[in-house]
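Undergrad: generate coordinates for the sequence data below:
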Amino acid sequence: SIAHAADTGGTEHFELTVVENKESKSGAEIADLTIKNISGKTGTNVTFEADLPTIFHDKDMKQVTFKVGTLKAGESRTYQISRKAAGTVTTNPLPTTGNNATTALPTTGDMTRPLVILAGLFLLASIVTIGFRRFQGAKSLFAILLLLAGLGGVATVYAAEKTYHHRDEVRNHAVELAGATYVFHLAGEGDFEEDNANTGDNGGDNGGSEVTKNFTITYYINGDKVTNLSLVYGYVAGEQATDLKTPTYEAEDFSGWYDNDTYTGDVITSIAQTETGDKVFYGKTTPKTYQVTFDSTGGEAVASATVNHGQTVSEPVAPTKDDAIPNVSSVPYGPAPHDFIFKGWYTEPDLTTPFDFETPMIENTTLYAKWGLPITEAGLVNPAVASYADGKLGTPGDAIWFANAWFQILDEDMDDDASNGLQALVIKIEYIGDSKFHGSGVDYFDTSGTNGYDLSRTNGGVGQVIDTWYATNIASNPALVDRVQKVALDNPDFTAFSTGIIFNSNNGPFDFNNGPITWFCSNWHQDNRFATTLDASGSQQAFALSYGDIHRHMGVPEADSEADSNVSLLNFSSEPSYILLRSPGRFAQSAGSVNNGSMNDANVQYPVAVRPALSLLID
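TA: Have a look, this model is predicted:
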């Protein structure tokens with residue numbers, strides 16, 4: 001029986017794909033059509049057909065056919081089609097078949113075999129006829145050899161034709177081109193050598209052909225067959241182990257390859273050298289998830305969250321944080337607070353970058369809680385939660401706890417630049433004792449080259465009392481000192497003080513060399529000079545307020561009369577009513593003071609309540 005191999009049917013030989021050509025900048029829809037030989041064998045007479053979407057039609061041409069020719073195992077060819085602005089279709093290479101003057105392609109391996117078989121039969125008949133004639137008039141041996149040679153020639157012709165024809169089709173292949181979706185129908189076909197047509201299942205010799213070593217690999221992901229990934233679609237048995245590639249996804253995790261669609265058993269990473277046969281592998285994907293951990297930095301524990309790739313994490317309920325510090329029940333605001341102020345979530349431990357909860361998650365993330373004005377065992381600054389009603393810490397009048405004492409905010413930011421934190425001017429609510437302005441002396445200025453406040457720091461006056469309190473309660477604790485800002489105190493001598501200020505005319509000129517100073521100032525309560533300033537070259541210290549601080553930092557207007565200059569934030573009527581300032585008073589023997597919130601002065605020899613002020617970083 002003389003026959004040929006039939007179409008192999010279900011085993012794919014070609015991978016057929018269409019993708020957008022993204023390198024084009026012409027604005028036209030352009031597609032790359034690719035045919036790849038995944039059979040593990042060389043294909044000949046290969047053709048590649050594409051039924052085109054309507055937008056690619058050119059007159060009657062609805063299909064293009066590319067004559068590929070020979071396509072070796074693993075080899076691929078890419079052809080480009082495009083619809084240009086004029087509506088015409090071009091191909092590269094240009095099609096040689098299609099609906100204009102086409103030659104129908106065969107669907108089996110019958111392209112040339114009928115002619116070959118007829119030629120073989122004609123040759124066989126001729127040889128047999130000649131053989132019989134020769135048999136009668138020549139040596140029988142020669143005739144028999146001639147007959148066998150003829151039969152061998154026919155057998156050789158048939159043996160050379162042990163090939164089969166194969167056709168693969170991909171229907172309804174949807175592709176997005178330039179933002180629109182188009183559907184293609186693709187087909188590839190060609191001739192392949194039949195290397196196991198006459199071989200039994202167990203390799204027995206039923207005709208002498210060699211058992212095939214080339215096998216295909218088919219993949220399914222999430223139940224769908226895939227042919228458009230960079231995977232290994234065929235292998236050659238007996239040569240070496242074949243590693244299976246793992247597809248990667250930006251937003252999903254891949255499970256690995258399994259030999260069953262229930263994804264059970266061991267993950268398969270390679271095909272052993274000794275294995276044979278076509279293979280089918282199954283895999284699945286799951287969304288990538290990330291862990292968002294909330295580090296409350298010592299506060300109430302906050303549960304972590306699991307978020308899918310590209311999604312946002314919900315902001316949790318703000319945690320709380322408390323710390324036990326000594327109760328101070330004698331101050332106007334009651335016991336010291338135990339709660340920290342939660343300031344939000346930050347992306348790094350040093351708490352410099354706030355986290356935006358609209359940020360898509362693309363990795364595991366830890367967020368850190370920031371707390372306002374934390375307390376240590378030494379008693380760092382902490383807001384009095386019950387002492388400010390507007391919800392904003394820093395408003396003048398708010399109370400904060402610092403160095404185991406209550407302080408009241410007089411100016412929320414001394415440099416008026418919130419970008420570097422709130423450097424608040426604060427005053428201690430409880431006084432630290434009574435003191436004369438000078439420990440000795442009867443005049444504010446006793447010599448022309450000194451100033452009264454600096455003198456008080458050396459002779460047991462108000463400045464020395466404040467310096468001693470600072471050294472005892474703050475300077476010995478580095479954590480507290482870190483909150484104290486460097487300042488410069490503008491303490492004028494008499495020359496600077498007397499320049500630009502109005503003295504009562506009946507006092508005449510002043511002479512430090514001729515007895516007591518008897519000057520008298522009529523507008524002492526309006527003196528807005530000599531305010532405290534932040535100064536990086538200054539020093540960390542406590543200090544007495546000046547009239548300049550009251551006007552420039554506290555915003556008290558420069559009233560025409562003493563009675564109109566009320567300073568409500570310095571109204572300590574429930575405590576000793578007077579508070580000493582560092583400014584000169586209205587006459588030579590007095591220093592500035594505030595009494596029940598009103599501008600005043602006091603004799604330098606009278607003991608008056610002392611309340612130190614500080615510049616503190618509170619944010």
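
Undergrad: which stretches of the stretch 501-619 of the chain aren't confidently modelled?
TA: Along the stretch 501-619 of the chain, segments meeting pLDDT under 70 span 505-517, 560-564, 573-574, 619.

Undergrad: contact partners for residue 289?
TA: Residues near residue 289 by Cβ atoms under 8 Å, 6 or more residues apart in numbering: 306-309. C-beta here means a position set from N, CA and C on the backbone, and glycine is covered the same way.

Undergrad: kindly report the same for residue 214.
TA: Residue 214 neighbours (Cβ under 8 Å, 6+ apart): 39-41, 73, 195, 234-237.

Undergrad: make it 10 Å
TA: Contacts for residue 214 (Cβ atoms under 10 Å, 6 or more residues apart in numbering) come out as 39-41, 73, 192, 195-196, 234-237, 278.

Undergrad: mind giving me the ChimeraX command for buried ones among the residues you listed?
TA: A single ChimeraX command selects the buried members of the contacts of residue 214 (16 or more other Cβ atoms under 10 Å):
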select :39,40,41,73,192,195,196,234,235,237
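
Undergrad: can you put the contacts of residue 214 in a markdown table and add distance to residue 592 and secondary structure?
TA: Below are the contacts of residue 214 laid out as a markdown table (distance: Cβ to Cβ, whole Å; DSSP: H, G, I helix; E, B strand; the rest coil):
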| residue | distance to residue 592 | secondary structure |
| --- | --- | --- |
| 39 | 102 | coil |
| 40 | 101 | coil |
| 41 | 105 | coil |
| 73 | 100 | coil |
| 192 | 108 | strand |
| 195 | 111 | coil |
| 196 | 112 | coil |
| 234 | 97 | strand |
| 235 | 97 | strand |
| 236 | 101 | strand |
| 237 | 103 | coil |
| 278 | 101 | coil |
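
Undergrad: who wins for neighbours among the contacts of residue 289?
TA: Of all the contacts of residue 289, the most densely surrounded is residue 307 (21 neighbours; neighbours counted as other Cβ atoms under 10 Å).

Undergrad: just the element for that one, please.
TA: Using DSSP states H and E, residue 307 sits within strand 305-308.

Undergrad: just put the contacts of residue 214 in a markdown table and tack on pLDDT and distance to residue 584.
TA: Formatted as a markdown table, the contacts of residue 214 follow (pLDDT from 0 to 100; distance: Cβ to Cβ, whole Å):
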| residue | pLDDT | distance to residue 584 |
| --- | --- | --- |
| 39 | 83 | 105 |
| 40 | 82 | 104 |
| 41 | 86 | 108 |
| 73 | 86 | 103 |
| 192 | 86 | 111 |
| 195 | 59 | 114 |
| 196 | 48 | 115 |
| 234 | 88 | 100 |
| 235 | 89 | 100 |
| 236 | 87 | 103 |
| 237 | 87 | 106 |
| 278 | 91 | 104 |
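
Undergrad: for residue 166, state which of the contacts of residue 214 is nearest.
TA: Lowest distance from residue 166 to the contacts of residue 214 (Cβ to Cβ) belongs to residue 192, with 5.9 Å.

Undergrad: can you pull the contacts of the residue nearest to the closest one when sequence neighbours are not counted?
TA: The shortest distance from residue 192 to any non-neighbouring residue, by Cβ to Cβ, 6 or more residues apart in numbering, is to residue 41 (5.0 Å). Applying Cβ under 10 Å, 6+ apart to residue 41 gives the contacts 13, 71-73, 166, 190, 192-195, 212, 214, 234.

Undergrad: for residue 232, see how far away residue 41 is.
TA: Distance, residue 41 to residue 232, using Cβ to Cβ, to the nearest Å: 16 Å.

Undergrad: residue 344 now?
TA: 51 Å.

Undergrad: re earlier: residue 556: which of the contacts of residue 41 is nearest?
TA: residue 234 (90.1 Å).

Undergrad: which residue, other than its chain neighbours, is closest to the closest one?
TA: Nearest non-adjacent residue to residue 234, counting by Cβ to Cβ, 6+ apart: residue 40, 4.1 Å away.

Undergrad: hmm, the one you found is touching residue 74, no?
TA: Yes. Between residue 40 and residue 74 there is a contact under Cβ atoms under 10 Å: 8.0 Å.

Undergrad: between the two, which contacts overlap?
TA: Going by Cβ under 10 Å, 6+ apart, residues that sit against residue 40 and also against residue 74 are 233-234.

Undergrad: distance to residue 587 for the contacts of residue 289 - can I get that in JSON lines?
TA: Formatted as JSON lines, those follow (distance: Cβ to Cβ, whole Å):
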{"residue": "306", "distance to residue 587": "75"}
{"residue": "307", "distance to residue 587": "72"}
{"residue": "308", "distance to residue 587": "78"}
{"residue": "309", "distance to residue 587": "78"}
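
Undergrad: biggest separation within those, which pair?
TA: 306 and 309 (11.3 Å).

Undergrad: now do the shared contacts for these two.
TA: With Cβ under 10 Å, 6+ apart as the test, residue 306 and residue 309 both reach 289-290, 361.

Undergrad: strands - which of those land there?
TA: 289-290 (DSSP state E).

Undergrad: residue 598: which of the shared contacts of residue 306 and residue 309 is nearest?
TA: Of those, the one sitting nearest to residue 598 (Cβ to Cβ) turns out to be residue 361, at 59.8 Å.

Undergrad: pretty sure the closest one is touching residue 314, no?
TA: No. Under the criterion of Cβ under 10 Å, residue 361 is not in contact with residue 314, lying 11.3 Å apart.

Undergrad: of those two, which one has the most company?
TA: Taking other Cβ under 10 Å, residue 361 and residue 314 do not tie; residue 361 has more neighbours (20 against 9).

Undergrad: pLDDT on stretch 15-27, on average?
TA: Mean pLDDT, stretch 15-27: 72.

Undergrad: residue 75 and residue 34 touch, don't they?
TA: No. Taking Cβ under 10 Å as the definition, residue 75 is not a contact partner of residue 34, at 11.1 Å.

Undergrad: between those two, which one's more packed in?
TA: Neighbour count, other Cβ under 10 Å: between residue 75 and residue 34, residue 34 has more, with 19 against 15.

Undergrad: could you point out which element follows the helix or strand containing that one?
TA: Counting by DSSP H and E, the element that carries residue 34 is strand 29-37. Next along the chain after strand 29-37, taking DSSP H and E as the criterion, comes strand 43-51.

Undergrad: each with direction, which strands does the helix or strand just after that next one pair with?
TA: The helix or strand immediately downstream of strand 43-51 is strand 63-71, counting by DSSP H and E. Here strand 63-71 is paired, per DSSP bridges, with strand 43-51 (antiparallel), strand 97-98 (antiparallel).

Undergrad: what's the most buried one of the ones you listed?
TA: Mean neighbour count (mean count of other Cβ atoms under 10 Å) peaks for strand 43-51 among those, with a mean of 21.

Undergrad: state the mean pLDDT of that strand.
TA: The average pLDDT within strand 43-51 is 91.

Undergrad: quick check: angle from that strand to strand 29-37?
TA: 150 degrees (axes from the mean of the first three to the mean of the last three Cα atoms, to 10 degrees).

Undergrad: mind exporting strand 43-51 as CSV, just the C-alpha atoms?
TA: The C-alpha trace of strand 43-51 is given here as CSV (Å, rounded to 0.1, in the frame of the first residue of the first chain):
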residue,chain,number,x,y,z
GLY,A,43,9.1,23.2,8.6
THR,A,44,9.2,23.7,4.8
ASN,A,45,6.7,25.4,2.4
VAL,A,46,5.5,27.4,5.4
THR,A,47,2.8,30.1,4.9
PHE,A,48,1.3,32.6,7.3
GLU,A,49,-2.2,33.9,6.8
ALA,A,50,-4.1,36.7,8.5
ASP,A,51,-7.7,37.7,8.1
